[in-house]
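**Q** got a structure for you, letters missing:
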């Protein structure tokens, strides 16, 4: 039923928008004013700025703690100051490991020493900066020196270990080699260690972002044989940010954990390598053939092992406290200075980071510059704007997390919403975040014109969805993790959005030495047209949040979406039940053994625990209650409300997202407070919606599932009470 | 509804079988006798014979016209004679091309001359026979000398050309390179020529049966970099058999077409190559990237072209009449000598053909030997058995087709059924054929024990189906083409079966110099246990057909199956209609263009012709009528019928399959008479059921579709009348 409702809501909003009568949160009169303002804003955006700033900021490697990183922070601060913002740099002292020993060698049945070195590329001077380039490694791998037989584990995610179990292959005491992708990279060493492996190698298979995906750099955008993806492997699904100061700010004199007690450093050493280095290792494996879906794009027969390939992996790091510099720029609001609209993008990169993060950073800066210009001419926003350039995002969202932990109480009181951006390219508008903002985002997407096709970015995004087989209805996705919104939404319960353009600028440069200005100019967004589109989109969202009469939150689309999540979970329970029943029947009839090839390894599957019926009725009833309360608010007419009413309602609207958090947080990871969205404990960046309930079911912990249903019901009850209080103010 | 019925029917038959009360077509008393006979038969089967005979027959290459081919035929005849059969060799003079010039070179942007040569393999002396090995080529390619830009067309099947159309790539005047698989190989040059290409190269991609699929020969069973699949490309979906004598026997003095008028020789030259030879060609292509699903297992980025790769292909053949020797061995029946049960397997191979066809041939011979022994001891079958060893199957089912065309009238009068076998290996029983025989085959599959798992081959086959997600219900598939049953069932309308074991013996040796005895022993059926299982299965089927009181045809399972085909076609019409409506709506809204990347080639799709509603009611009504007539026959009790009744009914049962043919044949290919099963005009071996109606719909020829509905209705009416006549005799 919720789908029908969703359509209906969209039709209404579409009508309202095209008629340009009013936009969410604005009176008719102020809608006109806002349109005029946004038109003036859009006219000020200039692609040349983005281009020049990218050249400046990505000229040298600038990971956290580098000289160039500090130069960038100071330069960014200077720009904001020149545009009329109050600025400051807030610095934290965070643990950051730099690799001092990286050794990987095949010792049997033949010998091979991994090169661990990407080659400079003709025509891209940035790749020729030699020692200035950060060696390829995974930050927050533990030190280690291990030698063992190798096992190929596909992507190294839970279902791969289920498959290994079926094939009777164990990784205990072995070193695993996993492909990048399929999950956030940190899941691979985490799971491998849980299964008893003593080391982990991660490589980029050419099928995923190498020559199978497209021509390789420098002919094309994809990963050549020497490219290596760097990246953090800290256990971010437990908590992100500084590993030694969980839940509080890494100020210079903060009390710190002992490094050996830091739960988010990996348990086993892990190293990323290129496909050139991976091929000899994989080729040396024998034993069970890899299942068809595991096989990659190397010209070899993929075997699982264990052995006869044997490898020696030795890693050591210089573990030291490093300053992380966040740039904070504020423009005080004219009417509601204590209501903050926040924007952020990180400035640190793994190497040059032209795409990640500079392409998003320059769009944010152009947005701030244009708004600054408007402000100078008298069009200053009603609410306070705070622009942030985060440091140390790459090693684990560290700069933003420490800052949020530092200012949490004030933020929870004052912030209306946090809007995040990161890498950006040619393509389609993609937005994730709080569904209470979905309606407003849809209206903005209606107002921004696609630079290539001349229609609205919403129409283009809907067209893309239809061609892929969807219904062509604009929606925003739920946020897992992977950028600086995580501390805001999932820890502090601040309504957040993450947005960018993507889909026509894929490549293999991510976190390699090839993410440079020449690469970006050729393959990502040559004219910076989508950089301007991002500034246009994020800027309009920011300005609407800043100037709205009634804050542009809306709960009916939220209700439809959350109802969908609940349906999904209930259906998946039913499906699991049927599958287990069928599986057990097949075990009883010995079907698996009869069907198996007796010459191949086979482990007779055990019967599975039957799936009980969980009582979802408390949640269902609460969703019914929420339907009527959210509908009542949806029918409100902003122009009929007094200023006093609006102010009271706005206060409630601002804090609504926090009501969706629980102070105790999620089981086994109390840092994560949000009850609707969380990164998956075993997916990493990938979101789990209604995470307490969903993950308990996925882990087949029925007691916890029923408990989490109660916890979520309480959360929804509080949320409903909150909406009812708003309704009373209408 | 038919699915429910199917279950019901199966439950009944299962009950009957396990109770071993009676088997289809036998009285209770004769069921016992038959079981005793089959037990004695099974006891005589000896794996050693199969092993020795394979060594003998696959010792040297023996394609049609070779000295060793004739030696094999004469040796086979001698064996049959020694087992008590009347034997003869029937020889036809058939056109067979032998390659005299094979040249393929890349001329731009770099130069490469294709080696066109598979390498000898250590440990397999057969691969070292040098010039005695048949050069790799495609039989019935036309002569040609062409030079043009290259275009990669994936598998070169209709949907690939639809994709090329979308991408705006034309093959007119070009040479195409297509992967093997995805269709029967002859479709690739046929379609390419229809689209205007002037040459065609076919290669085996390592993803399909090379190193991606498994370890390559000699380490494993799969295709190494030099292996090339030979094979016929004559237009068999138009007619198989001798290209110069369509529809009649290629006797020495037959009137023959001029070669230039032979419609089944390709219009453009075509050559198969290895992946070693394909790689430089594919690597030299640029332009549009191949869609993701097109990319194979070579370590390159797959582009479509056209060009800059340019190739020169030159082929010439020695076209001459060649004798094809069919061995025919007869054992006259004791009670019904004019009712013939036929068995066949071809003896010619492309090279040594240990698997294809010798593994099937030796099983057929062991079956014939064991039955011969029983006959000598007095257990001679009631009906006449005819065992056939066909020649010239590989170039286009030529030996069997000429023989059937030669003896058609007598065969149509006398043959009860034709049982075909061909290559065989370890794995699961797979049966295709006339669904009037499905029930009997299911009962036999219940009686044969799987050599590896000790349960019935039916239970094992059902287990395999369940593990793949099926319901685990035994059924036989519909026959397209690809072996010698085609002239019997699809031309002469003789009920046929094709059977073999497969699924645990995959490899890349098919039609290469690596299909040898050492390869077979290591990777296919090392103990010849499944060769014995095949002899056991086919022998029991043969003996049941030979000794049944009432011929073991059954029509309810046939009715369920054909109802299923009709449902499928009607549903696919509805689906096509919805898809076209959606597509046209999207074209109207310009969705495709809006979603497309403006930097990539894109051709705006045109609106499609809307799918009309076809009137299927005549067919539906006829299926209702058939339901009651077939049920009445199904309820008959054989033990209550007099001998006279049985004889009259048997005569009708024997000719039932012929009633399913139409004398005018299918549109544009009158040689194909059967109205239920045909090889697809654009799939080759792949079957099209209810082909007249289905292919007209697929080709969107609505007038022809409605005409073919009428033709099929008439056929079903005649079939119903035939069943009603049988019912009257009950």
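**A** The structure has been received and is ready for your questions. Just so it is clear, the structure is predicted and the values come from calculations on it, not from any experiment.

**Q** Low-confidence regions, chain A specifically.
**A** Within chain A, the stretches with pLDDT under 70 are A:1-20.

**Q** which helix is the longest one in it?
**A** Longest helix in chain A by number of residues (criterion: DSSP state H): helix A:556-588.

**Q** For it, enumerate the helices and strands it packs against.
**A** If you count contacts as 3 or more CB pairs under 8 Å, 6 or more residues apart in numbering or on different chains; DSSP states H and E, helix A:556-588 packs onto helix A:2-19, helix A:438-447, helix A:617-634, strand A:687-689, helix A:691-698. Placement of C-beta: from N, CA and C, glycine included.

**Q** Leaving out the residues flanking it, which one is nearest to residue A:360?
**A** In this structure, residue A:360 finds its nearest non-sequential neighbour in residue A:421, 4.0 Å apart by CB to CB, 6 or more residues apart in numbering or on different chains.

**Q** okay but residue A:270 is in contact with residue A:233, surely?
**A** Yes. The pair residue A:270 / residue A:233 is scored as a contact, 5.5 Å apart, by CB atoms under 8 Å.

**Q** who touches the residue nearest to residue A:360 in this structure?
**A** For residue A:421, the contacting residues are A:343-345, A:360, A:363-364, A:498-500, A:534, A:538, by CB atoms under 8 Å, 6 or more residues apart in numbering or on different chains.

**Q** Neighbour-wise, which one of those leads?
**A** residue A:363 (33 neighbours; other CB atoms under 10 Å in any protein chain shown).

**Q** Kindly indicate whether the closest residue in space to residue A:158 that isn't next to it in sequence is helix, strand or coil.
**A** Nearest residue to residue A:158 in three dimensions, chain neighbours excluded: residue A:682, at 5.4 Å (CB to CB, 6+ apart). Here residue A:682 is recorded as coil under DSSP: H, G, I helix; E, B strand; the rest coil.

**Q** same deal with residue A:151?
**A** Criterion first, three-state DSSP; result for residue A:151: strand.

**Q** again with residue A:428
**A** Of the three states, residue A:428 takes strand under three-state DSSP.

**Q** and if you look at residue A:90?
**A** strand.

**Q** residues touching it, list them.
**A** Counting by CB under 8 Å, 6+ apart, residue A:90 has contacts A:325-326, A:328, A:403, A:406.

**Q** Please list the members of those that lie in strands.
**A** Cross-referencing those against strands under DSSP state E gives A:325-326, A:328.

**Q** Return the closest of these with respect to chain B.
**A** Distance to chain B, by CB to the nearest CB, is smallest for residue A:326 among the ones in strands among the contacts of residue A:90, at 36.3 Å.

**Q** would residue A:252 count as being in a helix?
**A** No. Counting by three-state DSSP, residue A:252 falls outside a helix, being coil.

**Q** do you know how far the most centrally placed residue in chain A is from residue A:490?
**A** Centroid-nearest residue in chain A, with CA atoms, centre = their mean: residue A:482, separated by 2.8 Å. Using CB to CB, to the nearest Å, one obtains 12 Å as the distance from residue A:482 to residue A:490.

**Q** Mind listing the shared neighbours of those two?
**A** With CB under 8 Å, 6+ apart as the test, residue A:482 and residue A:490 both reach residue A:679.

**Q** Pull out the buried residues from stretch A:369-383.
**A** Buried residues in stretch A:369-383, counted by 16 or more other CB atoms under 10 Å in any protein chain shown: A:369-372, A:374-375, A:379-383.

**Q** Residues in contact with it: which ones?
**A** With CB under 8 Å, 6+ apart, stretch A:369-383 has contacts from A:37, A:40-41, A:44-45, A:49, A:79-80, A:83-85, A:331, A:333-337, A:339-341, A:385, A:416, A:535, A:539, A:542-543, A:545-547.

**Q** Restricted to buried residues, select these in ChimeraX.
**A** Listed next is the ChimeraX selection for buried residues among the contacts of stretch A:369-383, using 16+ other CB under 10 Å:
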select /A:37,41,44,45,49,79,80,83,84,85,331,333,334,336,339,340,341,385,416,535,539,542,543,545,546,547
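
**Q** The contacts of stretch A:369-383 in helices, which ones?
**A** Using DSSP H, the subset of these located in helices is A:37, A:40-41, A:44, A:49, A:79-80, A:535, A:539, A:542-543, A:545-547.

**Q** need the residues you listed in CSV with distance to chain B, can you?
**A** Output for the ones in helices among the contacts of stretch A:369-383, formatted as CSV (distance: CB to the nearest CB, whole Å):
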residue, distance to chain B
A:37, 28
A:40, 28
A:41, 25
A:44, 26
A:49, 24
A:79, 32
A:80, 34
A:535, 21
A:539, 24
A:542, 27
A:543, 27
A:545, 29
A:546, 31
A:547, 31
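
**Q** how far away is the residue nearest to residue A:360 from residue A:451?
**A** Distance, residue A:421 to residue A:451, using CB to CB: 17 Å.

**Q** so who does residue A:437 touch?
**A** Contacts of residue A:437 (CB under 8 Å, 6+ apart): A:417, A:476, A:495, A:497, A:552-554.

**Q** quick one: which of the residues you listed is nearest chain B?
**A** Distance to chain B across the contacts of residue A:437 (CB to the nearest CB) is lowest for residue A:476, with 19.0 Å.
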